[in-house]
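**Student:** The following block contains a protein sequence and its predicted model.
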Amino acid sequence: MTGSEQRAPTVARIHDYLLGGKDNYTEDGQFAESLLAVMPDARDAVRASRQFLGRAVRFLAGEAGIGQFINIGTGYPAAPNVHEVAQDCRPPSSPPSRVVYVDNDPVVVVHAQALLCAAPEVCAIRGDLRDLAGILDHPDVRALVDPGEPTGFLLPGVLDFIPDEDDPRKRVEILMAAAAPGSYLVLSHATEEEIGVEVAGGVKELYADATVPAVFRSRDDIARFFEGLDLVPPGISDVAAWRPDIVPATASRVIVLGGVGRKL
């Protein structure tokens with residue numbers, strides 16, 4: 001991307017920069033470099049989170065037999081994408097996995113529609129976790145996702161940018177209440193567990209100049225998002241330590257915790 005006008009950095013473009021992508025502006029790169037100066041492990045944490053998502057999707061599509069996914073907060077395409085991982089893990093005799101990509105950034109959605117939605121089993125829509133009816137009742141979602149069938153709901157690094165006043169726990173509760181039994185929640189979230197309050201405070205201060213605030217939550221707070229669900233071993237852990245037997249993970253300090261929970 002190019003352009004000289006001042007733009008507030010966005011999470012999607014910052015992460016794209018940290019992952020080595022090209023869908024970012026100068027302001028996003030400058031922000032990311034400032035972030036790395038405050039928290040040098042930030043790039044490793046973003047990569048580890050992305051790898052966690054891939055391993056979780058492999059588990060769901062393969063071992064758990066999930067055939068449909070809704071990825072909320074998809075960000076810019078970064079291979080391997082969810083539908084690619086899910087299709088790769090499906091048995092040859094099974095129908096293709098169905099995947100809905102959701103993001104509240106209209107530019108991200110345009111990119112996803114152009115680059116990811118080549119097959120009829122994949123679509124991308126604009127939506128926000130704070131408006132679940134707008135996602136679940138969207139005609140493209142209704143056409144692709146069977147609400148009576150178990151679904152993999154993917155929330156990678158989304159709740160990190162939803163402050164308490166927007167009641168993210170309630171959003172997750174509503175989402176899983178609407179899910180069929182046997183559905184799964186995949187969630188990752190930044191924590192202060194090892195980086196400390198001073199570094200976390202520096203990150204929050206930086207994100208005050210971005211389009212959304214940064215939110216760190218404790219392990220206990222993150223565990224509450226899974227209340228009522230059956231956690232898949234090893235439970236809530238450093239994203240790099242969640243089932244590394246599936247795909248090797250990038251190690252870093254514990255910055256992001258992740259987990260996978262099943263609705264009984």
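**Tutor:** Nice, I can see it.

**Student:** alpha carbons only for contacts and neighbour counts from here, please
**Tutor:** OK.

**Student:** Could you check how far the closest residue to Arg262 other than its chain neighbours is from Arg7?
**Tutor:** Among residues not flanking Arg262 along the chain, Tyr184 sits closest, at 4.4 Å (Cα to Cα, 6 or more residues apart in numbering). As for Tyr184, its distance to Arg7 is 37 Å (criterion: Cα to Cα, to the nearest Å).

**Student:** quick one: which of the two has more around it?
**Tutor:** Neighbours around Tyr184 and Arg7, counted as other Cα atoms under 10 Å, are more numerous at Tyr184. The numbers are 27 against 13.

**Student:** what are the phi and psi values for the most centrally placed residue in the chain?
**Tutor:** For the chain, the residue lying nearest the average C-alpha position, counting by Cα atoms, centre = their mean, turns out to be Pro156 (1.8 Å). With angles defined as degrees, to the nearest 10, Pro156 shows backbone torsions of phi -80, psi 110.

**Student:** beta partners for it?
**Tutor:** With DSSP bridges as the criterion, the beta-bridge partners of Pro156 are Ser188.

**Student:** dump the residue contacts of it.
**Tutor:** Ser49, Arg50, Leu53, Ile72, Gly73, Thr74, Val186, Leu187, Ser188, His189 (Cα atoms under 8 Å, 6 or more residues apart in numbering).

**Student:** my guess is the fifth one contacts Val100, does it?
**Tutor:** No: between Gly73 and Val100 no contact is recorded; they are 10.8 Å apart, counting by Cα atoms under 8 Å.

**Student:** remind me which residues of this protein are low pLDDT?
**Tutor:** Counting by pLDDT under 70, the chain contains low-confidence residues at 1-6, 247-252.

**Student:** What lies in contact with the biggest helix by length in it?
**Tutor:** Ordering each helix of the chain by length in residues (DSSP state H) puts helix 42-58 first. Residues outside helix 42-58 that contact it (Cα under 8 Å, 6+ apart): 15, 18-19, 35-36, 80-82, 85-86, 89, 154, 156-157, 186, 188, 239-240, 242-244, 246-247, 249-253, 255-256, 258, 260.

**Student:** quick revisit: next, work out how far apart the residue nearest to Arg262 and Leu264 are.
**Tutor:** Remark: distance between Tyr184 and Leu264 (Cα to Cα) = 9 Å.

**Student:** And the helices in the stretch 101-250 of the chain?
**Tutor:** The residue ranges that make up the helices of the stretch 101-250 of the chain, judged by DSSP state H, counting those that start in this stretch, are 106-115, 132-136, 139-144, 168-177, 196-207, 219-224.

**Student:** Show me what counts as buried in stretch 75-88.
**Tutor:** Judged by neighbour count (16 or more other Cα atoms under 10 Å), stretch 75-88 contains these buried residues: Gly75, Tyr76, Pro77, Asn81, Val82, His83, Val85, Ala86, Gln87.

**Student:** ok, now stretch 36-46?
**Tutor:** So for stretch 36-46, counting by 16+ other Cα under 10 Å, buried means Val38, Met39, Asp41, Ala42, Arg43, Asp44, Ala45, Val46.

**Student:** ok, now which ones touch the residue nearest to Arg262?
**Tutor:** Taking Cα under 8 Å, 6+ apart as the criterion, Tyr184 is in contact with Leu60, Pro150, Thr151, Gly152, Phe153, Val260, Gly261, Arg262, Lys263.

**Student:** farthest pair in these?
**Tutor:** With distances taken as Cα to Cα, the most widely separated pair in the contacts of Tyr184 is Pro150 and Val260, at 14.1 Å.

**Student:** between those two, which one's more packed in?
**Tutor:** The residue with more neighbours, out of Pro150 and Val260, is Val260; 28 against 21, by other Cα under 10 Å.

**Student:** so when I look at the more buried one, I'm seeing a strand, right?
**Tutor:** Yes: assignment of Val260 by DSSP: H, G, I helix; E, B strand; the rest coil places it within a strand.
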